[in-house]
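# Got a predicted structure here, sequence first:
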Amino acid sequence: MSSVSETIVREYFELHEFLVRQHRKYIAQTKREDDDIDFFVLNPHPHKGGGSLPFVLGSEDLAGLESAIVVVKGWHTETFSPAVLMNAPEIFRFVEPGTFKQAAKAFGATDTPLKILVVPALPAGAEAREQSIALLKSKGIDAVIPFHTMLAELIEKTETNRNYQKSDLLQVIRILKNYEFFREPQLELFKARKRKG
């Protein structure tokens, strides 16, 4: 599952014209600290002067992002509630100063990249959501991107009349869209559907 999750993240950043570098493609026999880092992303043309980025990033915020170290937690059945975060210290290993510095050096980062965590979901309730965000910030995470944001953007931007031979993920999305397996956005709930003739 982790490779599928990483593919989604890679395609999402590449869709937004980021350069994406993976630390290594093989799995080391012994777990080391830098194995917690999944990607280094670099925006070759960042939009300057947009102010500070929000903690929960959306697609519209990426233009202001210069570089980041990205960690993917593709636990697609979990919401990152305060209880989950408190009981999973391994989530925060990559923000430890030694690990982060070593990862930034391995990726050749000249500035200080942001520390971004890709999460399945944050709690829906306002209080639990704010507690999760506060906990993530206190551990040193600079921003999060929910998988929902990434998948929605990939589905929206994938065109049915293009052949995505170099991306299995985009090709599958294109086929599913072509056969109308994705629902239209909620705002178009009452829009008349085309009849097949």
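Good, I have the coordinates.
# and the residue lying closest to Phe39 once chain neighbours are set aside, what pLDDT?
Nearest residue to Phe39 in three dimensions, chain neighbours excluded: Val70, at 4.3 Å (Cβ to Cβ, 6 or more residues apart in numbering). Glycine gets a C-beta too; all of them are placed from N, C-alpha and C. Val70 carries a pLDDT value of 94.
# separation between Val70 and Tyr179?
Remark: distance between Val70 and Tyr179 (Cβ to Cβ, to the nearest Å) = 32 Å.
# Return the residues in contact with the residue nearest to Phe39.
9, 13, 37-41, 116-118 (Cβ atoms under 8 Å, 6 or more residues apart in numbering).
# among the helices and strands of this protein, which has the poorest mean pLDDT?
Lowest by mean pLDDT, DSSP states H and E among the helices and strands of the chain is helix 97-106, with a mean of 75.
# Point to the residue nearest the middle of the chain.
Val118 (4.2 Å; Cα atoms, centre = their mean).
# Got the phi and psi for it?
phi -90, psi 120 (degrees, to the nearest 10).
# returning to that earlier point: if you count neighbours, what's buried in the least confident helix or strand of the chain?
By neighbour count with 16 or more other Cβ atoms under 10 Å, helix 97-106 contains the buried residues 99-100, 103-104.
# distance between the ends of stretch 115-135?
14 Å (Cα to Cα, to the nearest Å).
# just how off-centre is it within its chain?
14 Å (Cα atoms, centre = their mean, to the nearest Å).
# Repeat that for stretch 139-159.
Relative to the chain's own centre, stretch 139-159 is displaced by 5 Å; criterion: Cα atoms, centre = their mean.
# what pLDDT does the nearest residue to Gln165 once chain neighbours are set aside get?
Excluding its sequence neighbours, the residue lying closest to Gln165 (Cβ to Cβ, 6+ apart) is Gln171, at 7.1 Å. What the model reports as pLDDT for Gln171 is 95.
# ditto for Lys73
The model's pLDDT for Lys73 equals 89.
# how close does it get to Leu85?
10 Å.
# again with Ser167
32 Å.
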